[in-house]
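Asks: make a model of this:
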Amino acid sequence: MNLLEIIKKDYQTFPLNPTYLIYAENVYFKDPMTEFTGIKRYQTMIQFMSTWFQNIDLELHNIYQSDNIIHTEWTLHWTTPLPWKPRISIPGRSELTINDQNLIISHIDYWNCSKWDVVKQHFILHNKDK
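Replies: Residues are numbered from 1 along each chain as shown. I've put the predicted structure just below:
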């Protein structure tokens, strides 16, 4: 299975059983909320998400590779465990840089919304009749 196929499969089951072997030990990760280096920190972040958030769904819209960068476009959905159970959606994209050993050495996520937009989703009731 090639790297693009593994990533597609991981998106379909996210955050369950990610294929950590496709990441370099010192992988660099950055998104609008956090930034760190190391596969152990990445595993901790995924574990936190799977423990804290409910009904996580990572919807993959597009994936392609140009040179040594894999590009993905996605929407991440989850239910936050607040009494009113808000359903959160973050549209975004990722750039995954791979090295000569075909391992991901950099994973940078970009959101198509602001951090404030995500916070507001927790407190604004969405009218489903719109």
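
Asks: SS state for F48?
Replies: helix (DSSP: H, G, I helix; E, B strand; the rest coil).

Asks: which helices and strands sit right next to the lowest-mean-pLDDT helix or strand in the chain?
Replies: Across the helices and strands of the chain, the lowest-confidence element by mean pLDDT, DSSP states H and E is helix 115-121, at a mean of 93. Counting contacts by 3 or more C-beta pairs under 8 Å, 6 or more residues apart in numbering; DSSP states H and E, helix 115-121 is packed against strand 87-98. C-betas here are computed from N, CA, C, even on glycine.

Asks: and the pLDDT for H61?
Replies: pLDDT recorded at H61 is 98.

Asks: that's a helix at it, yeah?
Replies: No - H61 is assigned strand when assessed by three-state DSSP, not a helix.

Asks: would you mind measuring from it to W74?
Replies: Distance, H61 to W74, by C-beta to C-beta, to the nearest Å: 6 Å.

Asks: more neighbours: the two, which one.
Replies: W74 (20 against 11; other C-beta atoms under 10 Å).

Asks: which residues sit in contact with the more buried one?
Replies: Y11, L58, E59, L60, H61, P91, G92, R93, S94 (C-beta atoms under 8 Å, 6 or more residues apart in numbering).

Asks: tell me the secondary structure at it.
Replies: strand.

Asks: quick check: closest non-adjacent residue to it.
Replies: L60 (5.3 Å; C-beta to C-beta, 6 or more residues apart in numbering).

Asks: wait, what's in contact with the one you found?
Replies: Applying C-beta under 8 Å, 6+ apart, the residues near L60 are K8, Y11, Q12, T72, E73, W74.

Asks: in what helix or strand does the second one lie?
Replies: Yep, that's Y11 we're talking about. helix 3-13 (DSSP states H and E).

Asks: neighbours around G38, how many?
Replies: Neighbour number of G38 under other C-beta under 10 Å is 15.

Asks: apologies, that question was intended for L103.
Replies: 16.
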